[in-house]
Each structure stands twice: as structure tokens, then as C-alpha cells.
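Asks: here is a sequence with its predicted model. Questions after.
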Amino acid sequence: MIKKILYWLMVVVIVIGAVYSYNKVDFARKTAMLFQTAFGDAGTMGGPAGGRPAMGGGQGQFQPGEGGSQVPPQMGQNMQGEQMPSGQSGAQGQTQMQGRGAGQFPDFQQGGEGSQRSNLQPGGRQGGPPGGMGQGPGGRISVREVIRYAFIFAFFVLLTYVIEKSIKRFSRSKTA
Amino acid sequence: MKLATFKIIHNFLLAVVFLFLMDDNSFYGVGFHEWAGLIICLFYILHKALNWGWIKETTVRLFGRIPWRVRLNYIIDVLLLIGFTLIVISGMAISKNIDFSWVGFDQDNRMIYRSMHTSISMLTLIIAGIHLGLHWDWVMARFKRSK
């Protein structure tokens, strides 16, 4: 009984740890990096410097001016959300946004000449929030990142083990 | 020391060092990362050498009648081999502390090598997890026998 409880407890810890670590180490982006470089736009490959901009960390932070809309305008809209005639959206939107105190949008792509772009730059690990304890280039050890990867590793060990056992059980019950 | 005990210690170290190498700044910086990466490569070759009998036998019987589990293990092993090889090659290309200029890597493709190094290490981590998962019964059996 205790063995069973411990087993399930371990399963829960590994799954929660792996999901948490998956987000923390940005596993999906790192895995897709090569494919983005090979098939996509290499300029966006590295994404924001130092990973995603930290909440309230300065870079990419949303700072609305007085009365600034909290929703970035779509292409062809001004800051009030009004539809602009084709070919006018850029210039007119710019004037209106400046007049109303445009906010800073980190991912502002289209029709956003009026807003200030954040300083997101492709590639590298420069910038961003400084790493945790012992993550510098010095001779220190930080097991935080290692534990995160260990959780992901353990998750796949567990997943394979469970799938294999299930297949074995299924084929055994079929032959019986 | 018995061969089985040596194998289990060796495999454990291989897994732990591989995890430590996943982040280049976590463990004594990039210099350590590069040297340990090359050393783990030798450990990996030793791992293959220790299991050479199985590799040889399975390669011969691969297209014959063998259980699906053995075939899957073999495919995973081949993927691991490809993964480790590409990690080492791309790691050599982006190396900062060890001079691999004599190999003649094109420095214009540094970005590609870098993304290749990161992506393939992530994929190899998943494959290594599957590899260990498929051998978990063997690991447990060894531990039980040693008790």
C-alpha cells in the first residue's frame, strides 16, 4: 500500500515538475530553434534576448500614456479602434497615437509606427533578467537548471515505462 | 568490480553528466561544458563498446523475426547515436574555449550550428529518456540483485 502511494506521489511530482520545467526552460522554443532556422525566418530565431521579457522587467513592458488604449491597434485601425481607409492607417494612426500618449507594445508588428518598439533583439543571451544564483560564468554550480532538465528527462522515462507496461499488459490480456 | 556493477555506475554517470551539460552556465561555465562534452563522448563510446555484443547480434537479426521491443530499442539507439554525433559536431563548431579552427567549420553558419546544438540536445534528452524508460526493468533488476 505504501509502495503504491509512493509510486503515485512520485508520478504526480514528476508530471508537475516536468510541466513547470517545460515552461521555465522554454523547452518548446529551444527544440524548434533548428526548424525555425532551417525553414523559417532566421531573424526571429533567438526570440527576445534572455528569453521572454520579464514581467515588469523593463523590456517590452507596457506603459500606457494618459488615456492610452490598452489594446494594440490592429492593422488598418487607429488608436480608437476606428477603421482607417486603406493607405492612411500608418500616418494617421501615428499622429493620433502620439497625441494620446502611445503605449509600448513589445510585439507590435503592423500599423504600429506610432508606438515605440521595445528593444527586443534576435539571438544571444545578452540582456534579460540576470540568471539565478551561481549562473554566471564563474566556477560555481547551480543545480536549478539541471533539476529542471532532470524533471523533463524523468517525465519521458516514466512515460515510456508506463506505455511499455500498458502495451505488455494489453497484449498479455489479449493472448489469455 | 563486476562488469554489471561497472555498467550501472557508468550509465548513471553518463545520465547525470548529460543533465549537467544541458545548461552551459550551470556547472563551472562554458569551458567546463566544452571539455565535459568531449569527455562524455568517450563515455558514450565506452557505453557502446560495453554493449557491443547486443549491437552486433541485433544488427544481424534486425530484418529477421525479432520482438518489436528489441527493434524499437535499436531504432532509439541509432537516433541517440545520430543525436550525440550532431551535438558534438555542432558543439565543436561553436566552441569558444577549445580551438577547432583546424576542422574548418564555416563561421558564417555559426547561428545554424548554435540552433542545431540547442535543438538537438533537447531532442536527444527526450530520446535518452525513452531509452532509459525502455531499460528501466533492467535497471531495477540490477538494483534488486545488488541488494
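Replies: Perfect, I can see it now. Computed from a prediction, not measured in an experiment: that's the story for all the values here.
Asks: tell me where chain B has helices.
Replies: B:3-20, B:29-50, B:52-61, B:68-93, B:110-134, B:136-146 (DSSP state H).
Asks: how far out from the middle of the chain is the lowest-mean-pLDDT helix or strand in chain B?
Replies: Of all helical and strand segments in chain B, the minimum by mean pLDDT, DSSP states H and E falls on helix B:136-146, at a mean of 82. Relative to the chain's own centre, helix B:136-146 is displaced by 21 Å; criterion: CA atoms, centre = their mean, to the nearest Å.
Asks: what about it and chain A, touching?
Replies: Yes - Helix B:136-146 is in contact with chain A by CB under 8 Å from any CB of the partner chain, via B:W136. In short, each C-beta sits where N, CA and C put it, glycine included.
Asks: and that helix, what does it pack onto?
Replies: helix A:144-175, helix B:3-20 (3 or more CB pairs under 8 Å, 6 or more residues apart in numbering or on different chains; DSSP states H and E).
Asks: can you redo those as TSV with mean neighbour count?
Replies: Formatted as TSV, the helices and strands packed on helix B:136-146 follow (neighbours: other CB atoms under 10 Å in any protein chain shown):
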stretch	mean neighbour count
helix A:144-175	16
helix B:3-20	15
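Asks: and those: which comes nearest B:W102?
Replies: helix B:3-20 (26.2 Å; CB to CB).
Asks: circling back: ok, residues contacting the least confident helix or strand of chain B?
Replies: A:V157, A:T160, A:Y161, B:A4, B:T5, B:K7, B:I8, B:N11, B:L132 (CB atoms under 8 Å, 6 or more residues apart in numbering or on different chains).
Asks: swap in stretch B:50-57?
Replies: Stretch B:50-57 is contacted by residues B:L3, B:F6, B:K7, B:H10, B:K48, B:D77 when judged by CB under 8 Å, 6+ apart.
Asks: and those, which is closest to chain A?
Replies: Here the nearest of the contacts of stretch B:50-57 to chain A, counting by CB to the nearest CB, is B:D77; it sits at 13.8 Å.
Asks: what about the closest one, how many neighbours?
Replies: By other CB atoms under 10 Å in any protein chain shown, the residues close to B:D77 number 18.
Asks: go on, the one 4 residues further on?
Replies: Each residue near B:L81 was counted by other CB under 10 Å, and the total is 14.
Asks: quick one, grab the pLDDT at residue 100.
Replies: No chain in the question, so chain A it is. At A:R100, the model reports a pLDDT of 40.
Asks: other chain: chain B
Replies: 86.
Asks: what strand or helix carries the closest residue to B:M122 other than its chain neighbours?
Replies: Among residues not flanking B:M122 along the chain, A:T31 sits closest, at 4.3 Å (CB to CB, 6 or more residues apart in numbering or on different chains). Secondary structure from DSSP states H and E places A:T31 in helix A:27-39.
Asks: for that helix, buried residues please.
Replies: Neighbour counts over helix A:27-39 (16 or more other CB atoms under 10 Å in any protein chain shown) mark A:F27, A:R29, A:K30, A:T31, A:A32, A:M33, A:L34, A:Q36, A:T37 as buried.
Asks: and stretch B:76-84, by the same measure?
Replies: B:I76, B:D77, B:L79, B:L80, B:G83, B:F84.
Asks: same thing with stretch B:40-55?
Replies: Result for stretch B:40-55 [16+ other CB under 10 Å]: buried residues B:I40, B:F43, B:Y44.
Asks: returning to what we had before: tell me the angle the helix holding A:T31 makes with helix A:144-175.
Replies: 90 degrees (axes from the mean of the first three to the mean of the last three CA atoms, to 10 degrees).
Asks: which other helices and strands contact helix A:27-39?
Replies: By 3+ CB pairs under 8 Å, 6+ apart, helix A:27-39 packs against helix B:110-134.
Asks: now the angle from the helix it packs on to helix A:27-39?
Replies: 130 degrees.
Asks: report the distance from helix B:110-134 to the chain centre.
Replies: Chain-centre distance of helix B:110-134: 10 Å, with CA atoms, centre = their mean.
Asks: shaky segments in chain B?
Replies: B:1, B:146-147 (pLDDT under 70).
Asks: residue numbers of it in contact with chain A?
Replies: Residues of chain B lying near chain A (CB under 8 Å from any CB): B:15, B:19-20, B:22-23, B:25-30, B:69, B:111-112, B:115-116, B:118-120, B:122-123, B:125-126, B:128-130, B:132-134, B:136.
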